[in-house]
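Engineer: What follows is a predicted protein model with its sequence.
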Amino acid sequence: MSAASTGQPDLRLDTADPRLVLLLALGDDELVLGHRHSHWTGVAPHLEEDLAFSSIAQDEIGHAVVWYGLASELTGHDPDALGLGRAPHEYRNAILVERENGDWGYSIARQYLYDTADDVRLSALADSAWTALAQATGAIRREERYHLMHARTWLDRLAHGPVEARRRVTAGLSAALRDALGLFEPLPGEAALVDEAILPTSHADLLQRWLDLVAADLERVGLERVLEEGTSLADADFVPTSSGQMEAPAALSAPHLERRADRWEPVGEFSGHGGRWGRHSEAFTAVWEELTGTYRAHPGARW
Amino acid sequence: MSYERRTADFRARIAAGEKIEATDWMPDEYRQAALKFIEMHANSEIMGALPEREWIPRAPSLRRKMSLTAKVQDEVGHGHMLYRVAEDLGKSREAMIDDLIHGRTKFHNVFHYPTRTWGDVAVIGYLIDGAALVTQRALLDCSYAPYVRVLRRICAEESLHQRHGEDLVLELCSGTAAQRALFQEAVERWWDPLMAFFGPPSQPDKDVLLHWGLKVKTNEQLRFEFLSTYVPKLWDLGIRVPDDDLGYDPETGEWRWTEPDWDEFWQVVKGHGPMTETRLALRRWMQETNGWVREVMAEPTRAIA
């Protein structure tokens, strides 16, 4: 993270306001995943899919702009400064979205797990007591419906496809599932957000809703066994911050999943800190440098 | 009717300005020339996506990140449409991709060069897309109707790209000294490839594409149009063009310009450009790695209970 020594200084945000943390978590998830999706532009496995993934990437980045727009009203900083001008440890995206694209099986598995989680989250936020936030979900959800359809179609297609395709998507789901639970890591200051009904449903409850949805899809394609496999984030390796200080190399440990009676349930609590606290994996170093490099190299420039 | 007689009638149709449809009878020479030309155009669209896509992750603002993604997506879409037109002339998309990635067919010379800075994105968006637009607009009068229909849509989108490119250029030229320098430096690096863009002087009596009405303007006419449109704009912006002899001569009505190194041009044509191997290797790798995905797509979608 050496680029911090020259160019645009890091934006210092006062994240004591939990509303800002919520908006950054939402915006950073979308921006970083959009960034990763756009790596497929021009080189996807098939021309039709090249077009589809490029569209999804643009939508996700557009949604990030919406969330940063609301954050601008709280902070006075413009969306570019918020999206491209922070130090790595100030990004609040879940680790899932920063991982390398891997193969097409992983990319589809991640898109599926992310977009189902985003759907659950947006449905809850549509009832937020913060009117501006609730209103912002409308246009976003209209586009996300298409993403969800894309992800489900591919999940089904790969799961019912030739042996190699089924093997790849199963491996992708297994690899992404642990990180996907990190999307539901409680936010710093979450209790206050829930009390004020800004976040009408806690992440713990959202996790159960998401799990119901994903379990139904996976059972339909005969892949529910991936829910039992690997549900800890213990191997996430955490990186130093740009200021050179080493964050405590804490790992996020997520609940494990169990089938009880007729539904899958998370058992246990999150412990340690992950993306919502600004702790990231090694993969984020490359994302951050690529994502912010040009912006940071040109202090005072308008684009 | 003899083959010669049918060919002569076919030539007469083209001379009379008639358009040829995919289902019409056509001489083998015409089919081959049209296929080769449209296939190369399709190849160029998808290879042209590569230099630009490298800057999507590094775009300087969120708005630019989205618009560049959209633009590269359009280029891939053009490739998609053009491969369909080429397929109707008798070669499968798989075969065309296979020939491309193994260096058996060509893609446009200008896409064999590296993109080093955000300034290159502006040069490509403004000047290279500008040159492409000059060429493609001229092709709207060509003899092959399915190609013309797709070109109409491509030209409409390219006009938007060109405005996008102009916007990028104005942003850099009216920005900080460092932004302006990005564009100036990129213009200097890209000038020779731009002059080579239209190819060496045409030889109308030997040019098979002109013969069949698949091209209607000579390389000189196209280069003249490009210089007349863009050089005055660059000068207005205070951008130095790295050709001291460049100038318009009102007496002859011609542009004076220094010819690029045609040896380098022919080297690139033969597949020895600075980035040729890197870019083809990337495509070959993607093609090999993703064979299993194409297998899935080749299967009919199964109903899910």
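Structural biologist: Perfect, thanks for sending it. Numbering: from 1, shown residues only, chains lettered A, B, ... in the order given.

Engineer: The residue of the stretch 201-305 of chain B found nearest chain A - how many residues pack around it?
Structural biologist: Among all residues of the stretch 201-305 of chain B, residue B:290 sits closest to chain A, at 3.4 Å; criterion: C-beta to the nearest C-beta. In this view, the C-beta of every residue, glycine as well, is placed from N, C-alpha and C. Per other C-beta atoms under 10 Å in any protein chain shown, the neighbour tally for residue B:290 reads 19.

Engineer: How about the contacts made by it?
Structural biologist: By C-beta atoms under 8 Å, 6 or more residues apart in numbering or on different chains, the contact set of residue B:290 is A:45-46, A:104.

Engineer: same check, this time on residue A:27
Structural biologist: A:63-64, A:66-68, A:71, A:82-83.

Engineer: if you skip the residues just before and after it, what's nearest to it?
Structural biologist: residue A:67 (3.5 Å; C-beta to C-beta, 6 or more residues apart in numbering or on different chains).

Engineer: helices or strands next to the helix or strand where that neighbour lies in the packing?
Structural biologist: Taking DSSP states H and E as the criterion, the element that holds residue A:67 is helix A:47-75. Applying 3 or more C-beta pairs under 8 Å, 6 or more residues apart in numbering or on different chains; DSSP states H and E, one finds that helix A:47-75 contacts helix A:18-38, helix A:79-84, helix A:131-159, helix B:62-87.

Engineer: Most tightly packed of those?
Structural biologist: Of all these, helix A:18-38 carries the top mean neighbour count, a mean of 25, counting by mean count of other C-beta atoms under 10 Å in any protein chain shown.

Engineer: gap between that helix and the chain center?
Structural biologist: Mean C-alpha position of helix A:18-38 versus that of the full chain (C-alpha atoms, centre = their mean, to the nearest Å) differs by 7 Å.

Engineer: for the record, mean pLDDT for that helix?
Structural biologist: Averaging pLDDT along helix A:18-38 gives 98.

Engineer: hang on, the earlier thing: can you convert the helices and strands packed on helix A:47-75 into CSV and add a column each for distance to residue B:157?
Structural biologist: Output for the helices and strands packed on helix A:47-75, formatted as CSV (distance: least, C-beta to C-beta, whole Å):
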stretch, distance to residue B:157
helix A:18-38, 19
helix A:79-84, 27
helix A:131-159, 22
helix B:62-87, 5
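
Engineer: among those, which is nearest residue B:103?
Structural biologist: When those are compared by C-beta to C-beta, helix B:62-87 sits nearest residue B:103, at 17.8 Å.

Engineer: Could you tell me the angle between the closest one and helix A:18-38?
Structural biologist: On the basis of axes from the mean of the first three to the mean of the last three C-alpha atoms, to 10 degrees, helix B:62-87 is oriented at 30 degrees to helix A:18-38.

Engineer: the inter-axis angle of helix B:62-87 versus helix A:47-75?
Structural biologist: Using the same axes, to 10 degrees: helix B:62-87 against helix A:47-75 is 170 degrees.

Engineer: which secondary structure elements does helix B:62-87 contact?
Structural biologist: helix A:18-38, helix A:47-75, helix A:79-84, helix B:28-53, helix B:93-101, helix B:145-173.

Engineer: Show the model's pLDDT score for the residue nearest to residue A:27.
Structural biologist: So residue A:67 comes in at 98 (pLDDT).

Engineer: what's the neighbour count on it?
Structural biologist: Neighbours of residue A:67 using other C-beta under 10 Å come to 25.

Engineer: Kindly format the C-alpha coordinates of the helix or strand of chain B with the lowest mean pLDDT as PDB.
Structural biologist: Ranked by mean pLDDT, DSSP states H and E, the helix or strand of chain B with the weakest confidence is helix B:291-298, at a mean of 91. Provided in PDB are the C-alpha atoms of helix B:291-298 (Å, rounded to 0.1, in the frame of the first residue of the first chain):
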ATOM      1  CA  GLY B 291     -14.000 -24.600 -22.900                       C
ATOM      2  CA  TRP B 292     -16.200 -26.200 -20.200                       C
ATOM      3  CA  VAL B 293     -18.400 -23.100 -20.100                       C
ATOM      4  CA  ARG B 294     -18.900 -23.200 -23.900                       C
ATOM      5  CA  GLU B 295     -19.900 -26.800 -23.600                       C
ATOM      6  CA  VAL B 296     -22.600 -25.800 -21.100                       C
ATOM      7  CA  MET B 297     -23.800 -23.100 -23.500                       C
ATOM      8  CA  ALA B 298     -24.000 -25.500 -26.400                       C
END
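
Engineer: how about that helix: buried residues?
Structural biologist: Using 16 or more other C-beta atoms under 10 Å in any protein chain shown as the test for burial, helix B:291-298 gives B:292-293, B:296.

Engineer: Could you tell me which ones among the residues you listed also sit near chain A?
Structural biologist: Among those, the residues within reach of chain A (C-beta under 8 Å from any C-beta of the partner chain) are B:292-293, B:296.

Engineer: Tell me which residues touch the nearest residue to residue A:264 once chain neighbours are set aside, please.
Structural biologist: Excluding its sequence neighbours, the residue lying closest to residue A:264 (C-beta to C-beta, 6+ apart) is residue A:215, at 4.5 Å. Contacts for residue A:215 (C-beta under 8 Å, 6+ apart) come out as A:224, A:227, A:263-264.

Engineer: how about JSON lines for these, with neighbour count, secondary structure and pLDDT added?
Structural biologist: Shown next, in JSON lines, are the contacts of residue A:215 (neighbours: other C-beta atoms under 10 Å in any protein chain shown; DSSP: H, G, I helix; E, B strand; the rest coil; pLDDT from 0 to 100):
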{"residue": "A:224", "neighbour count": "17", "secondary structure": "helix", "pLDDT": "92"}
{"residue": "A:227", "neighbour count": "21", "secondary structure": "helix", "pLDDT": "93"}
{"residue": "A:263", "neighbour count": "12", "secondary structure": "strand", "pLDDT": "94"}
{"residue": "A:264", "neighbour count": "20", "secondary structure": "strand", "pLDDT": "95"}
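
Engineer: ok, these vs chain B, which is closest?
Structural biologist: Among the contacts of residue A:215, and counting by C-beta to the nearest C-beta, the member closest to chain B is residue A:224, at 15.3 Å.

Engineer: does that closest one really touch residue A:218, like I thought?
Structural biologist: Yes. Assessed by C-beta atoms under 8 Å, residue A:224 is found in contact with residue A:218 at 4.5 Å.
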